[in-house]
Structures are given as structure tokens and as C-alpha cells.
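Visitor: Following is a predicted model, sequence given first.
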There are 2 protein chains.
Amino acid sequence: MINPNIHKLNKAFESRVRLGIMSVLMVNDTVDFNTLKELLQVTDGNLASHNAALEKDGYLHIKKEFVGKKTLTTYSATKAGVKAFEEHLNVLEKLIKKID
Amino acid sequence: MINPNIHKLNKAFESRVRLGIMSVLMVNDTVDFNTLKELLQVTDGNLASHNAALEKDGYLHIKKEFVGKKTLTTYSATKAGVKAFEEHLNVLEKLIKKID
DNA sequence: ATAGTAACTTTGTATTACAAAGTGCTTTAC
DNA sequence: GTAAAGCACTTTGTAATACAAAGTTACTAT
């Protein structure tokens, strides 16, 4: 009988929105707020709170700057974020492989 | 820019406990309550409610019988459950593959 | 009579997701 | 110069969820 070892899954990445944020940031170094919002199809308030949660966990770096005279917020995964997400994916992958 | 397509992820399988239940049931035709409880390391109340949720979605079949004079509850994935879970895993797999 | 197993259900708490509305600041349109 | 609109939130409120712990029903073993 296999043991799914579900406790190794990272709670921070259980939400699909945060799964999406991290996925985007594994392929792209940075994303800005509005691109992320469009990709994930979420409301801005919702996105902001997920970003805040990931930042609080130390997985997301938030950078605010001015481009011209407009504010621009860009996000990137921290090293800890990359590591934690990769581990999470490994656990998922093992789960999937056992099944196939 | 990749699109993680997170809305194709099935909400029913977002919880790690339910992810675990389905994983076990993709490899084993049936599991009984106590084996599942041990594998997933959850309290019995918690497990019962996750099972009920999956049954309500039509993904889990719950069978109660007597073995000797003891009750025995065994669980199996329905066809719809297998299909839905496989689709969910496909979405996850695509997500992971894009990243690797 | 007591304790134990089985599989819950109930109760209660804490966390979460999310939408919608509001905020403060800035730019562009008329 | 007032209005509208963009940016990236914060606040507010609601509904769903996770989970533990305790209670429950029905049996069995001692």
C-alpha cells in the first residue's frame, strides 16, 4: 500500500492562485501586478492578498518602483521560494508517478 | 508568458487530504477507513468529512458491510472520480513540465 | 459491568478564499 | 480644472473550509 505522504506538501502552495503565481515566477524572473492578474484571472484584491501571503512566508519579493510617473509593482520568487516550490513539485511529481 | 490555467484545477482535489485519498484509490481498488486514516495521519472525524465531500461530488463510493459481526467501511473511486482526478493530474503535470 | 473497536456526527474554532467597495496617488481627457 | 481612469492596494464582509475534540450508536470481548 502506497503512502501518499501528503504532509510534505507545502500549505503555502495549496491554493491554486498561489500555485499559479509561483508557476509563473519559475519561468519568468519577474511579473508585474496586472500581467499576473490577467494570467490568473483573479480580482486585484484577491491577488494582492495572495502576494502578501507569499511575501510573509519569504517566498516572494515585491518591488515597487516608478516607471515614468506611474507606479509599477513587480514580483519575483526569492531563493527560499524557488526551493520550497521545487520541493513541493517533487512531492506532487512522486504522487503522480506512483499513479501512472 | 505562460498561462498556468489554474482554473482547470479541480477544487475537490485542492485539499491534501482529498489528494491523498484519491491517490491511494488510483493504485488500490479499495481501502478501508482505518488503513486510510493511518496512511494519511488524520483524525477520524476529519477523514469522514473528506470522504463525505468526495462522495457528494460523486467521486467516491462508500460501501458499508459486516465482516463477521463488525462493521467495515470500504472506499473506492467511482468512474467519474477516476476521470476527474486524472484530468486534475494532467493539469498539474503540464504545470510541472513547463517549469522543469 | 466495563472497556474497546468501528465509523462516524456534532460542535466549535480558526483559517481561508474571494468579491466588492473604498483608498491615495497620479495621469490623461475634456 | 474637474472628471475619469489606472495602479496597487486595504478594508469589509461573507461563505466555505479544515481540523480537533468530544459525543454517538452499535456491536464485541472479558
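Guide: That came through, no problem.
Visitor: Excluding its own residues, what touches stretch A:85-99? List them.
Guide: Around stretch A:85-99, the neighbours that count as contacts under CB atoms under 8 Å, 6 or more residues apart in numbering or on different chains are A:2, A:4-5, A:8-10, A:13, A:22, A:26, A:59, A:77, B:19, B:23, B:26-27, B:89, B:92-93, B:96, B:99. Glycine gets a C-beta too; all of them are placed from N, C-alpha and C.
Visitor: In ChimeraX, select just the buried ones from those residues.
Guide: In ChimeraX, a selection of the buried entries from the contacts of stretch A:85-99 looks like this (16 or more other CB atoms under 10 Å in any protein chain shown):
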select /A:4,5,9,10,13,22,26,59,77 /B:19,23,26,89,92,96,99
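Visitor: Next step: the contacts of stretch A:85-99 restricted to helices.
Guide: Of the positions in these, A:Met22, A:Met26, B:Leu19, B:Ser23, B:Met26, B:Val27, B:Leu89, B:Leu92, B:Glu93, B:Ile96, B:Ile99 sit in helices, assigned by DSSP state H.
Visitor: Looking at the closest residue to the second one other than its chain neighbours now. What's its pLDDT?
Guide: Yep, that's A:Met26 we're talking about. Spatial nearest neighbour of A:Met26, excluding adjacent residues (CB to CB, 6 or more residues apart in numbering or on different chains): B:Ile99 at 4.5 Å. B:Ile99 is assigned 80 on the pLDDT scale.
Visitor: Distance of B:Ile99 relative to A:Leu40?
Guide: Relative to A:Leu40, B:Ile99 is positioned 16 Å away (CB to CB, to the nearest Å).
Visitor: how many neighbours does the closest residue to DNA strand D within chain A have?
Guide: Closest approach between chain A and DNA strand D, counting by CB to the nearest atom of the strand: A:Gly45, at 2.7 Å. A:Gly45: 8 surrounding residues under other CB atoms under 10 Å in any protein chain shown.
Visitor: quick check: mean pLDDT across the helix or strand containing it?
Guide: Assessed by DSSP states H and E, A:Gly45 sits inside helix A:44-56. Summarised as a single mean, pLDDT over helix A:44-56 is 95.
Visitor: Residues contacting the next helix-or-strand element following it, please?
Guide: Tracing the chain past helix A:44-56, the next element assigned as helix or strand by DSSP H and E is strand A:60-67. Strand A:60-67 has contacts (CB under 8 Å, 6+ apart) with A:21, A:25, A:30, A:51, A:54-55, A:71-78, A:81.
Visitor: strand partners of strand A:60-67, parallel vs antiparallel please.
Guide: strand A:70-77 (antiparallel) (DSSP bridges).
Visitor: quick check, the strand it pairs with touching DNA strand D?
Guide: Yes: when contact is scored as CB under 7 Å from any atom of the strand, part of strand A:70-77 falls within range of DNA strand D: A:Lys70, A:Thr71, A:Leu72, A:Thr73.
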